[in-house]
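Colleague: sequence unknown, structure follows:
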């Protein structure tokens with residue numbers, strides 16, 4: 001199941017990308033008619049397309065993917081934890097936390113999840129938590145759960 005980012009975050013990245021690109025292009029165009037060259041304006045040309053890239057990357061790949069064998073955050077670089085290596089999973093202070101016995105941790109912020117997908121994800125998280133609590137994942141070594 002692919003879970004996307006919240007609409008607010010997506011729209012903010014799109015607006016910032018368009019705005020900074022426009023400002024950067026305008027300022028660089030303006031520099032051709034003046035003798036002042038300010039390197040700071042080049043920063044707008046770099047950050048604008050970067051925000052647009054983030055927007056399109058997030059739109060294509062989403063926030064994270066969770067299925068029956070792993071949870072994978074779709075950032076750069078990607079992080080994943082297989083449930084067979086899961087040591088702890090819990091919800092604390094607005095974060096869904098997954099830890100494995102190799103020391104990897106994944107924090108999924110509830111506020112970053114698309115509002116329409118929160119109930120679906122919470123249901124899936126509940127199912128996984130129940131399986132984890134019953135020790136149904138094959139190789140759980142040390143069950144440490146705190147709710």
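Modeller: That came in fine, so what should we check first? Since the structure is predicted, the reported quantities are computational estimates derived from the model, not experimental observations.
Colleague: Which residue would you name as the spatial centre of this protein?
Modeller: Taking C-alpha atoms, centre = their mean, the centroid of the chain lies closest to residue 63, which sits 4.1 Å from it.
Colleague: what's around residue 72, how many residues?
Modeller: The tally of other residues near residue 72 (other C-beta atoms under 10 Å) stands at 18. Every C-beta, even on glycine, is put in place using the N, C-alpha and C of the backbone.
Colleague: What pairs with the strand or helix carrying it, parallel or antiparallel?
Modeller: In the assignment (DSSP states H and E), residue 72 maps to strand 70-73. Paired neighbours of strand 70-73 in the sheet (DSSP bridges): strand 64-66 (antiparallel), strand 79-82 (antiparallel).
Colleague: Need the residues that contact the longest one.
Modeller: Spelled out, that is strand 79-82. Strand 79-82 has contacts (C-beta atoms under 8 Å, 6 or more residues apart in numbering) with 69-73, 98-100, 104, 106.
Colleague: now swap in the shortest one and tell me
Modeller: Among residues not part of strand 64-66, those counted as contacts by C-beta under 8 Å, 6+ apart are 1-3, 71-74, 106, 108, 121, 124, 128.
Colleague: those helices in this protein, which residues are they?
Modeller: With helices called from DSSP state H, the chain shows them at 7-31, 40-61, 118-133.
Colleague: Least confident of the ones you listed, on average?
Modeller: Mean pLDDT is lowest for helix 118-133 among the helices of the chain, at a mean of 87.
Colleague: Check which residues of that helix are buried.
Modeller: Within helix 118-133, the residues scored as buried using 16 or more other C-beta atoms under 10 Å are 121, 124-125, 128-129, 131-132.
Colleague: Fine by me, thanks again.
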